[in-house]
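S.K.: Got a predicted model here, sequence first, then my questions.
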Amino acid sequence: MEQYRIEKNGLTPEIYENLRAQVPLQHYDRADVIEALKHTLFSVVIWEGQVPIGIGRVVGDGRIVFFIKDVVVEPSKQNCGIGRMIMEELMQYIRKNGCRNAYVGLMALTGKEDFYKKFGFRVRPYDGQGSGMTQLINRDELM
């Protein structure tokens with residue numbers, strides 16, 4: 001197996017923008033990225049040599065509510081265990097810092113639900129819990 005290095009709390013705007021640009025995710029202005037990353041509770045960067053190949057971060061209140069965001073793996077390195085490494089680090093942080101019955105959420109891209117199920121996430125609605133819901137504000141017009 002190739003050697004990968006895990007860096008905790010090393011996510012920079014440059015790494016964030018570079019990896020997100022390689023997969024079909026929304027682009028954000030640099031100023032917005034800088035501000036958003038200031039509010040990250042915990043982040044992970046996976047490196048192969050000097051190249052960042054995966055990222056993930058946790059946002060929330062640090063005790064009761066956690067939201068996993070921006071789990072991204074460079075396309076040529078997908079299905080190589082990098083996503084698992086990222087999620088294991090993020091979940092370890094949440095388990096260490098979350099209170100009893102802390103809420104952990106995420107929004108999976110279409111087709112990625114089975115990956116997150118491996119970490120105990122369930123597709124909603126289930127067991128009387130309502131549907132996950134989202135909204136994009138100040139949305140760009142569709143092309």
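M.R.: Yep, that arrived.
S.K.: Would you mind listing where the protein has pLDDT under the threshold?
M.R.: By pLDDT under 70, the low-scoring segments of the chain are 1-2, 140-143.
S.K.: Do a quick rundown of the helices in it.
M.R.: Here the chain has its helices, by DSSP state H, at 13-21, 30-38, 82-97, 113-117.
S.K.: For these, give me TSV that also has mean neighbour count.
M.R.: In short, each C-beta sits where N, CA and C put it, glycine included. TSV is the format used below for the helices of the chain (neighbours: other CB atoms under 10 Å):
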stretch	mean neighbour count
helix 13-21	17
helix 30-38	13
helix 82-97	18
helix 113-117	14
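S.K.: could you dump these to CSV with distance to residue 129?
M.R.: Formatted as CSV, those follow (distance: least, CB to CB, whole Å):
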stretch, distance to residue 129
helix 13-21, 29
helix 30-38, 27
helix 82-97, 19
helix 113-117, 16
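S.K.: quick one: which of the ones you listed is nearest residue 6?
M.R.: Minimum separation from residue 6 across the helices of the chain (CB to CB) falls at helix 82-97, 6.2 Å.
S.K.: ok, back up a step: figure out which of the helices of the chain is closest to residue 5.
M.R.: Between residue 5 and these, the tightest spacing by CB to CB is seen for helix 82-97, at 10.2 Å.
S.K.: coming back round to it: so which of the helices of the chain comes closest to residue 135?
M.R.: Closest approach to residue 135 among those is made by helix 30-38 (17.0 Å; CB to CB).
S.K.: got the contact list for that closest one?
M.R.: With contacts defined as CB atoms under 8 Å, 6 or more residues apart in numbering, helix 30-38 is touched by 11-13, 16-17, 28, 43, 57.
S.K.: If we use 10 Å, what do you get?
M.R.: For helix 30-38, the external contacting residues (CB atoms under 10 Å, 6 or more residues apart in numbering) are 11-17, 20, 27-29, 43, 57, 59, 69-70.
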